[in-house]
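*Asks:* What follows is a predicted structure for the sequence shown.
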Amino acid sequence: MIKNISNLGDAALYCDFGTEVNKDINTEVIRYFKSIQKENITGVNNLTPSYNKLIVSFDLRKTNFKDLKKLIENLEINNIDDLKGKKIEIPVCCDENFSLDIKRLEVKLKASKEKLFDNFFKKEFFCYMTGFIAGMPFLGDLDENMRAKRLETPRVKVPKGSVGITEQFANIYTYESPGGWNIIGNTPLSIFDSSKEVDPNLINPGDAIIFKRITKDQYKDYND
Amino acid sequence: MIKNYFEVVRAGINTTFQDQGRKNLYHIGIPFSGAMDNRNYLIANKLVGNKLDLPVLEFAYQGPLLKYFGDKINVAITGDVNFTIKKNNDAINGNCYETFSLENGNELDITSTNRSVYGYLAFSGEFDLKSQWSSYSVNTKANIGSNDGKKLQVNQKINILKINQNLKDKKLNYINTKIENIRVIKGTNFHYFSNQGKKIFFEKEFIISKLSDRMGMRLEGSKIENIVNTNIKSEGLIKGVVQVPADGNPIIMFSDHGTIGGYPKIGVVISADYDKLVQLIPGSKIKFKEVELSSAETLFRLYDLETQNLISQI
């Protein structure tokens, strides 16, 4: 349920589902997101679901906060079958050329890298949202003993395919970008394909993700 | 059939194709993009008789130097821009908001924007470009959009299709005005900031930093103190959101902004002030003024009406 709808500026609705980050609240956000998306409401030009918020942006020439708020409050929110996500396996190589921050993490989390990798690869992750940069998935949740803060000074360039962790989340850099997450490996898989007009994202909210460790040779051969 | 095209002799600092932007893709991390100054974008298209949603060239600070080949074509530049039209051995200074023609071999040298950031160049015809997700707008950070998602490149040739040759010369009397007071609506994390911080936000001047581009505008000045948390759980952003990260300096989101972010939102610039805000050059001083939602809506209706009036005069 939406706890409160307020305005974010003059051209967006800020739908608040709570302050916690968990699968249940996020599933609610996604349910609303998909239901509103299906309605094709006049003037709505973007929907941004996140952990526990949904932002509905609109064209102020075509509608306004008051009308749209009423419309969304009265909208029938369906139980949508396609909420069940896909299960996707992501190959990751943790060669030292890729695991840029693993040494730092060994010190910070007081564990050997093999222990950290074991913990990471046995986990099934849930995709909460995608964004920041095109196609970047935000995946959770890491165990308590795997949680580290962002780098104090973010990197100017994080290589494409980098797999990073911070706090309870893991992500994948879909292309080279600045960023502050702790990088532990790299995937040869294309996570975002801009040449695809439909579904350029490999991973979408609600999907289940398992990372599979691959060797340097498997990484090299991957795209051959 | 003669091919009509221009060749890029100098690309300029950040020259990109832009239109009205791409909708409904924030949820996969793709920003809206589109012309930064929407009013000047629309006027450029109208002056040359194009449909209002066609892509035009947007340039910042220094524009491109283009050599044109083909049939006589009408061209218009909007914004506050210095440029010359070179025909044979003559170089004529051009005027914004006034169509001019280019003939085979003529050059157009867009030397600079004048105390503003963005200018727009429209040809009377259609660029031979491929759209991506229903828009030609280029996002150079993500390499999305027409022209392979890239800025204009030196030596590049761009074909122009469907030239409209029966056009009259058009002129619009319009002068871009500057704003100093940026009107904002309180943000969803307004209460994250100390009373002193809130006072600073609405009473002190801020200076626009050089680190400003199509993604956002960074401001410098008195620091805004956060008393709750310098991070929030990442959530959606929109154009005009003013975020304040841990260092206390506000950042305003522009057309190519990241779709989600984790810094508290102190305010949101109203839609009516966006076109003029993006035109302020680094070093300019601005002040934020609070308005209520209903005033912001009225101010936008007036601004939009004024834009429609300008377009209908052409």
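*Replies:* Arrived safely.
*Asks:* residues in contact with the residue lying closest to residue B:4 once chain neighbours are set aside?
*Replies:* What sits nearest to residue B:4 in space, not counting adjacent residues and going by Cβ to Cβ, 6 or more residues apart in numbering or on different chains, is residue B:70, at 3.0 Å. Quick note: C-beta positions are derived from backbone N, CA and C, even for glycine. Neighbouring residues of residue B:70 by Cβ atoms under 8 Å, 6 or more residues apart in numbering or on different chains: B:2-5, B:104, B:160, B:163.
*Asks:* which outside residues touch whichever helix or strand residue B:274 is part of?
*Replies:* Per DSSP states H and E: residue B:274 is located in helix B:274-277. Applying Cβ under 8 Å, 6+ apart, the contact partners of helix B:274-277 are B:36-40, B:176-179, B:182, B:217, B:239-240, B:252, B:269, B:286, B:303.
*Asks:* Is chain A within reach of the helix or strand hosting residue B:46?
*Replies:* For residue B:46, the host element (DSSP H and E) is helix B:38-47. No - for helix B:38-47, no contact with chain A is found by Cβ under 8 Å from any Cβ of the partner chain; the gap never falls below 11.0 Å.
*Asks:* Give me the helices and strands touching that helix, please.
*Replies:* Where contact means 3 or more Cβ pairs under 8 Å, 6 or more residues apart in numbering or on different chains; DSSP states H and E, helix B:38-47 is packed against strand B:56-60, strand B:73-78, strand B:118-123, helix B:274-277, helix B:293-313.
*Asks:* Residue B:154: which of the ones you listed is closest?
*Replies:* Closest approach to residue B:154 among those (Cβ to Cβ): strand B:56-60, 13.9 Å.
*Asks:* In chain A, where is pLDDT below threshold?
*Replies:* Filtered on pLDDT under 70, chain A yields the residue ranges A:80-83.
*Asks:* now do 80
*Replies:* Applying pLDDT under 80 to chain A flags residues A:78-84, A:152-154, A:223-224.
*Asks:* Kindly list the longest helix within it.
*Replies:* helix A:23-39 (DSSP state H).
*Asks:* Figure out how far that one is from the centre of its chain.
*Replies:* Counting by Cα atoms, centre = their mean, to the nearest Å, helix A:23-39 is centred 15 Å from the centre of its parent chain.
*Asks:* can I get the CA coordinates of it in CSV?
*Replies:* Written as CSV, here are the backbone C-alpha positions of helix A:23-39 (Å, rounded to 0.1, in the frame of the first residue of the first chain):
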residue,chain,number,x,y,z
LYS,A,23,11.3,-7.7,-0.6
ASP,A,24,7.7,-7.3,0.5
ILE,A,25,7.7,-3.5,0.3
ASN,A,26,9.6,-3.6,-2.9
THR,A,27,7.2,-6.1,-4.4
GLU,A,28,4.3,-3.7,-3.6
VAL,A,29,6.2,-0.9,-5.4
ILE,A,30,6.6,-3.1,-8.4
ARG,A,31,3.0,-4.1,-8.3
TYR,A,32,1.9,-0.4,-8.4
PHE,A,33,4.5,0.4,-11.0
LYS,A,34,3.2,-2.4,-13.4
SER,A,35,-0.4,-1.5,-12.8
ILE,A,36,0.1,2.2,-13.5
GLN,A,37,2.2,1.4,-16.5
LYS,A,38,-0.6,-0.7,-18.0
GLU,A,39,-3.1,2.2,-17.7
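*Asks:* Residues of the stretch 201-314 of chain B that sit close to chain A?
*Replies:* Proximity of the stretch 201-314 of chain B to chain A (Cβ under 8 Å from any Cβ) is limited to residues B:233-238, B:240-241, B:258-261, B:265, B:268-271, B:293, B:296-297, B:300, B:304.
*Asks:* State the number of residues packed around residue 45.
*Replies:* Because you didn't say which chain, this covers chain A. 19 (other Cβ atoms under 10 Å in any protein chain shown).
*Asks:* Chain B is the one I meant
*Replies:* Per other Cβ under 10 Å, the neighbour tally for residue B:45 reads 24.
*Asks:* Now name the helix or strand holding residue A:210.
*Replies:* Secondary structure (DSSP H and E) places residue A:210 in strand A:208-214.
*Asks:* before we move on, what SS does residue B:198 have?
*Replies:* At residue B:198 the chain is in helix, as set by DSSP: H, G, I helix; E, B strand; the rest coil.
*Asks:* Tell me who's in contact with the residue lying closest to it once chain neighbours are set aside.
*Replies:* Nearest residue to residue B:198, sequence neighbours excluded (Cβ to Cβ, 6+ apart): residue B:190, at 7.1 Å. Listed by Cβ under 8 Å, 6+ apart, the contact set of residue B:190 reads B:198, B:265-267.
*Asks:* now residue A:53
*Replies:* Contacts here follow Cβ under 8 Å, 6+ apart; on that basis residue A:53 touches A:14-17, A:29, B:233, B:235-236.
*Asks:* Name the residue most distant from the centre of chain A?
*Replies:* In chain A, the residue that sits farthest from the middle, by Cα atoms, centre = their mean, is residue A:61; the gap is 31.5 Å.
*Asks:* pretty sure that one contacts residue B:307?
*Replies:* No - here residue A:61 lies out of contact with residue B:307, judged by Cβ atoms under 8 Å, at a distance of 10.2 Å.
*Asks:* what's the distance between the nearest residue to residue B:56 once chain neighbours are set aside and residue B:58?
*Replies:* Nearest residue to residue B:56, sequence neighbours excluded (Cβ to Cβ, 6+ apart): residue B:122, at 4.4 Å. In this view, residue B:122 and residue B:58 are 10 Å apart by Cβ to Cβ, to the nearest Å.
*Asks:* Quick one: residues contacting the most centrally placed residue in chain B.
*Replies:* Among the residues of chain B, the one closest to the centroid is residue B:36, at 1.9 Å (Cα atoms, centre = their mean). Neighbouring residues of residue B:36 by Cβ under 8 Å, 6+ apart: B:18, B:58, B:117-118, B:214, B:254-255, B:275, B:278.
*Asks:* could you redo the last one with a cut-off of 7 Å?
*Replies:* B:58, B:118, B:214, B:254-255, B:278 (Cβ atoms under 7 Å, 6 or more residues apart in numbering or on different chains).
*Asks:* so what's residue A:29 up against?
*Replies:* With Cβ under 7 Å, 6+ apart, residue A:29 has these contacts: A:17, A:49, A:52, A:54.
*Asks:* Between these, identify the one with the most neighbours.
*Replies:* Highest count within these by other Cβ under 10 Å belongs to residue A:49, 31 neighbours.
*Asks:* any idea how far residue A:1 is from the nearest residue to that one once chain neighbours are set aside?
*Replies:* Once flanking residues are discounted, residue A:49 sits nearest to residue A:33: 4.1 Å by Cβ to Cβ, 6+ apart. Note on residue A:33: its distance to residue A:1, by Cβ to Cβ, is 14 Å.
*Asks:* Equivalent analysis for residue A:101, please.
*Replies:* 39 Å.
*Asks:* now do residue B:104
*Replies:* Distance of residue B:104 to residue A:1, given as Cβ to Cβ: 66 Å.
*Asks:* Looking at those two, which is more packed in?
*Replies:* residue B:104 (13 against 8).
*Asks:* Which of the helices or strands spans residue A:221?
*Replies:* Per DSSP H and E: residue A:221 is located in helix A:216-222.
*Asks:* Many thanks, we can stop here.
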